[in-house]
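**Q** Have a look at this prediction, sequence included:
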Amino acid sequence: MAGAPSSGGSSATTGPSSPLTPGQPDTAPGPSTPASSALTPAAASHFLAQATFGPTAAGIAALTTSSKAAWIADQFRKPQTSHRNTVQSVAAQLPPGILSENQVFESFWRQAAIGDDQLRQRVTFALSQIFVISMADPNLVSRPAGVASYYDTLGQNAFGNFRNLLQAAALHPMMGIYLSHMRNQKESGNRVPDENFAREIMQLMSIGLYELNPDGSVKLQNGKPVETYTHDDVAGMAKVFTGWSWAGPDKAPNRFNGNLADPNRDWTPMQNYPAYHSTSAKSFLGTTIGPGGTGEADMKVALDTLFQHPNVGPFIGRQLIQRLVSSNPSPAYISRVSAAFANNGSGVRGDMQAVIRAVLLDPEAADTGSAKKLREPVLRMANWMRAFNAKSASGRFQIHITDDPLYALAQSPLRAPSVFNFFRPSYTPPNTSLSMRGLVAPEMQITGEPSVTGYLNFIQYLVPYGAGSLRDVQPDYSAELALTGQPALLVDRINLLLLNGGMTSTLRNQIISAVNSVNIPPPSAAFPTRTDDARRNRVYLAIVLAMASPEYLAQR
């Protein structure tokens, strides 16, 4: 297929210029410059590809009369849509025992496709790849309302303060199950507290493995990275996370062990049970908590310590840039986002709104002609749905597991294979030009011959037939069908909606030529549908070739 990505290392990241490299600042509005100049449709589309699950024609038109900063401010004011409410609403319509992980996927895709609170939903998805829980865990797959609630919790805190986000994630029962600090007990005899969550909240959710400078570079001592924590720190932190278990009206052993279930326990924050909480001294990260503390007080000290660590700004900031904008942000970009984390301009640390503005309004976030990151598969699917106004016949968006690499997308939301997500922030494909240049391409960790082939096969059915169970989700190609007699205009529309106006003239001419090769015969009484069929095939071909192109896969 013309324009299809080849398998292997760096082919899917080729573009009009050097792949996945930091962009150079331009005149786009940044954190310290006014965002008052009008945006072109291409600039609006490019921004919406970063800040939403994909641009729409209406969204592009609206943004060209506004500004990025005004759009963000408006999104901050939009009310959150609850995934748990959606899941439970569907459950009320299903026979008993039918509710499953499928309803979590349905709610995700519904909000990705038609949700009004797009920035919140997009940032929530990014956070879910840092604060990972997964329905690949059999202990979670049977709790769809709880998983939906966890995702809502990330969304509720996406525009709040990072300190509150840390605590909300730590106390959510689904995180407690996934990282095994639910029912974690104090040391006794040969038993020591479970260290799983204590390690991961440091390594993955707050400070990382090595001490960082504000620009994200690793601090060195005698030429070697300085570790942020030791096993002793993990052991001390693990004591903090003892005694936490299911919420309920009492703190009896039966409730701690889960034998006495409150009906809302899957989404109510865990409570501490003093009988199971370690009261010995706890030392970690240069902080010591004296003996005799309560579970609540000990957790406050631990989370405050993590929150105040100088690593958090650059560590979390870099990952948010990677998920939304660029795999390889420059040190200056990271430093600017880190500074916004440290101080929102009013002396507040951890203000997520300030961080999001810093990420999306930075000059490096603008389109500079260079590919910044690989579009992960879930975002490609959502992009298609939004670009072509896809609707669900059932209203539920019945798209279920999509992580099969041979037949689907090699990725499903909230179903990562491990706590490290589908791909690690530091992943670089070995033996490629990227690795030789010291660059990373996290999404390439799920890219290979099976997934590339599977994606191409998937979109060849997706584009003409729709998505989901019984092809429940159908696109509206009416605007594209109206342009089939003008292939150049058809391709330009697809370029704006899918490639954010960044299509090279070479690719544009290739797709126009392919579209022209599909002959549109005159109407015939003998073959009444062949004219319409040919028009539809022109649209399908143009979209498939665009979505298969390396220029689309490597987002600018």
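**A** Perfect, thanks for sending it. In this text the structure is predicted, and so the values were computed from the model without any measurement. Numbering: from 1, shown residues only.

**Q** Now stretch 447-462: average pLDDT?
**A** Computed over stretch 447-462, the mean pLDDT rounds to 96.

**Q** Grab the nearest non-local neighbour of residue 283.
**A** residue 236 (4.5 Å; C-beta to C-beta, 6 or more residues apart in numbering). Using the backbone N, CA and C atoms, a C-beta is placed for each residue, glycine as well.

**Q** what does residue 487 give?
**A** Nearest one to residue 487, counting by C-beta to C-beta, 6+ apart, is residue 515 at 4.2 Å.

**Q** what packs against the helix or strand of the chain at the bottom of the mean pLDDT ranking?
**A** In the chain, no helix or strand scores lower on mean pLDDT, DSSP states H and E than helix 433-436, which sits at a mean of 94. Judged by 3 or more C-beta pairs under 8 Å, 6 or more residues apart in numbering; DSSP states H and E, helix 433-436 is in contact with no other helix or strand.

**Q** so where is this structure shaky, pLDDT-wise?
**A** Along the chain, segments meeting pLDDT under 70 span 1-36.

**Q** Could you pull out the helices in the stretch 451-556 of the chain for me?
**A** All helices of the stretch 451-556 of the chain, identified by DSSP state H, counting those that start in this stretch, fall at 478-481, 487-498, 505-516, 530-548, 550-553.

**Q** right, so of those helices, which gets closest to residue 183?
**A** For residue 183, the closest of these is helix 550-553, at 43.8 Å, according to C-beta to C-beta.

**Q** Distance from the chain centre to the closest one, please.
**A** 19 Å (C-alpha atoms, centre = their mean, to the nearest Å).

**Q** Same check on stretch 496-510?
**A** 25 Å.

**Q** and the end-to-end length of that stretch?
**A** The straight-line separation of the ends of stretch 496-510 (C-alpha to C-alpha, to the nearest Å) is 16 Å.

**Q** if we can go back for a sec, contact partners for the residue nearest to residue 283?
**A** Residue 236 makes contacts with 282-284, as judged by C-beta atoms under 8 Å, 6 or more residues apart in numbering.

**Q** likewise residue 531?
**A** Residue 531 makes contact with 520-524, according to C-beta under 8 Å, 6+ apart.

**Q** what does residue 158 give?
**A** 120, 123-124, 127, 165, 352, 356.

**Q** That one - nearest residue in space that isn't next to it in sequence?
**A** Per C-beta to C-beta, 6+ apart, closest to residue 158 is residue 123, 4.5 Å.

**Q** Run a quick check on the one you found versus residue 356, I expect a contact.
**A** Yes. Counting by C-beta atoms under 8 Å, residue 123 touches residue 356, with 6.2 Å between them.

**Q** Give me the common contacts of these two.
**A** Common neighbours of residue 123 and residue 356 (C-beta under 8 Å, 6+ apart) are 158-159, 320.

**Q** Rebuild the residues you listed as JSON lines, extending it with distance to residue 490.
**A** Putting the shared contacts of residue 123 and residue 356 into JSON lines (distance: C-beta to C-beta, whole Å) gives the following:
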{"residue": "158", "distance to residue 490": "37"}
{"residue": "159", "distance to residue 490": "38"}
{"residue": "320", "distance to residue 490": "36"}
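
**Q** circling back: out of the contacts of residue 531, flag the one nearest to residue 335.
**A** Closest to residue 335, out of all of these and judged by C-beta to C-beta, is residue 520, at 55.0 Å.

**Q** Show the backbone phi and psi for that closest one.
**A** Main-chain dihedrals, residue 520, degrees, to the nearest 10: phi -100, psi 100.

**Q** Distance of residue 141 relative to residue 83?
**A** As judged by C-beta to C-beta, to the nearest Å, residue 141 and residue 83 stand 16 Å apart.

**Q** same question but for residue 315, I mixed them up
**A** Relative to residue 83, residue 315 is positioned 27 Å away (C-beta to C-beta).

**Q** so how far is stretch 469-487 off the chain centroid?
**A** Counting by C-alpha atoms, centre = their mean, stretch 469-487 comes out at 27 Å from the chain centroid.

**Q** just stretch 510-526 next, same as before
**A** 39 Å.

**Q** which element is the residue lying closest to residue 172 once chain neighbours are set aside on?
**A** Excluding its sequence neighbours, the residue lying closest to residue 172 (C-beta to C-beta, 6+ apart) is residue 150, at 5.1 Å. Using DSSP states H and E, residue 150 maps to helix 144-157.

**Q** Mind giving me the packing neighbours of that helix?
**A** Helix 144-157 sits against helix 83-91, helix 101-114, helix 118-128, helix 162-171, helix 173-178, with contacts defined as 3+ C-beta pairs under 8 Å, 6+ apart.

**Q** I'd like to know which of those lies nearest to residue 392.
**A** Smallest distance to residue 392 across the helices and strands packed on helix 144-157 (C-beta to C-beta): 7.0 Å, for helix 101-114.

**Q** now the closest one against helix 118-128, angle please.
**A** Following axes from the mean of the first three to the mean of the last three C-alpha atoms, to 10 degrees, one obtains 140 degrees for the angle between helix 101-114 and helix 118-128.

**Q** going forward can the numbers begin at 497, since that is how I track them
**A** Sounds good: first residue 497 from here, last item helix 597-610.

**Q** quick one on the thing from earlier: and the residue nearest to residue 779, how far from residue 797?
**A** Using C-beta to C-beta, residue 732 is found at 11 Å from residue 797.

**Q** now do residue 657
**A** In this structure, residue 657 and residue 797 are 17 Å apart, going by C-beta to C-beta.

**Q** just residue 600 next, same as before
**A** 34 Å.

**Q** can you pull the alpha-carbon coordinates of the helix holding residue 646 into CSV?
**A** Provided in CSV are the C-alpha atoms of helix 640-653 (Å, rounded to 0.1, in the frame of the first residue of the first chain):
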residue,chain,number,x,y,z
PRO,A,640,-15.6,-2.2,36.1
ALA,A,641,-17.4,0.5,38.2
GLY,A,642,-14.3,0.7,40.5
VAL,A,643,-12.0,1.1,37.5
ALA,A,644,-14.2,3.7,36.0
SER,A,645,-14.2,5.5,39.3
TYR,A,646,-10.4,5.4,39.4
TYR,A,647,-10.2,7.0,36.0
ASP,A,648,-12.7,9.6,37.2
THR,A,649,-10.5,10.3,40.2
LEU,A,650,-7.6,11.1,37.9
GLY,A,651,-9.9,13.4,36.0
GLN,A,652,-11.2,15.1,39.1
ASN,A,653,-7.6,16.0,40.0
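
**Q** Any idea how far that helix is from the middle of the chain?
**A** Distance, stretch centre to chain centre, for helix 640-653: 14 Å (C-alpha atoms, centre = their mean).
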